[in-house]
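J.: Sharing a model that was predicted from the sequence below.
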Amino acid sequence: QVQLVESGGGLVQAGGSLRLNCAASGSVFSINTMAWYRQAPGKQRERVAHITSGGNTNYSDSVKGRFTISRDNAKNTVYLQMASLKPEDTAVYYCNAQVRLRFYSPNDQTYWGQGTQVTVSS
C-alpha cells in the first residue's frame with residue numbers, strides 16, 4: 001500500500017513563504033509524475049504544479065513565478081516552495097502521485113495525500 005504524507009502547512013501573512021513536503025512510502029516500482037493540487041472552500045480542486053520523474057515542471061498561471069515544485073527521487077519526496085503568498089492562496093493543499101506498483105503493472109495508479117491547510121492572512 002502506498003501512502004502520501006504531507007507536512008508544512010500553516011498560517012502565514014500575505015507576502016510570506018511556506019514550504020510543503022510530501023513523502024511517499026510503501027513498496028513501489030517507480031513514482032512517476034507528482035503534483036500539488038489545492039481546494040479552497042466552495043471551489044473545485046485545481047492542479048497547482050506538477051513535476052515528472054525527469055524533473056520537467058508545469059505551473060498554473062495563478063502561481064507561476066511564485067511557487068516552485070521540486071522532488072528528491074531518492075527520498076520519494078516532492079516539495080512545493082511557496083513565496084509571495086496571497087490570501088487567495090488559502091486552501092487545503094493535496095499531494096498527488098502516479099505510481100507504477102510493479103514492473104509488470106500495465107498502468108500507473110493514482111494516490112492522494114490527506115491534505116494540509118494553508119491559510120494566508122491579509
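T.: Alright, I've got the coordinates. Numbers count the residues shown, from 1 in each chain.
J.: those strands in the chain, which residues are they?
T.: 3-7, 10-13, 18-25, 30-39, 46-51, 57-59, 67-72, 77-82, 91-100, 109-112, 116-121 (DSSP state E).
J.: So which elements touch the last one?
T.: The reference is to strand 116-121. The contact analysis (3 or more CB pairs under 8 Å, 6 or more residues apart in numbering; DSSP states H and E) places strand 116-121 against strand 10-13, strand 18-25, strand 91-100. Yep, even glycine has a C-beta here, placed from its N, CA and C like the rest.
J.: Let's see that with 7 Å instead.
T.: Helices and strands touching strand 116-121, by 3 or more CB pairs under 7 Å, 6 or more residues apart in numbering; DSSP states H and E, are strand 10-13, strand 91-100.
J.: Highest mean neighbour count out of these?
T.: Among these, strand 91-100 has the highest mean neighbour count (mean count of other CB atoms under 10 Å), at a mean of 21.
J.: returning to that earlier point: would TSV of the strands of the chain with mean pLDDT be doable?
T.: Formatted as TSV, those follow (pLDDT from 0 to 100):
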stretch	mean pLDDT
strand 3-7	95
strand 10-13	98
strand 18-25	97
strand 30-39	97
strand 46-51	98
strand 57-59	98
strand 67-72	98
strand 77-82	98
strand 91-100	97
strand 109-112	96
strand 116-121	98
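J.: residue closest to the middle of the chain?
T.: Trp36 (2.6 Å; CA atoms, centre = their mean).
J.: So what sits opposite it in the bridge?
T.: In this structure, Trp36 bridges to Ala49, Cys95 when assessed by DSSP bridges.
J.: Contact partners for it?
T.: 20, 48-49, 69, 80, 93, 95 (CB atoms under 7 Å, 6 or more residues apart in numbering).
J.: how near is the residue located most distally from the centre of the chain to Phe29?
T.: In the chain, Tyr104 marks the outermost C-alpha relative to the chain mean, sitting 26.8 Å out by CA atoms, centre = their mean. Between Tyr104 and Phe29 the computed distance is 9 Å (CB to CB, to the nearest Å).
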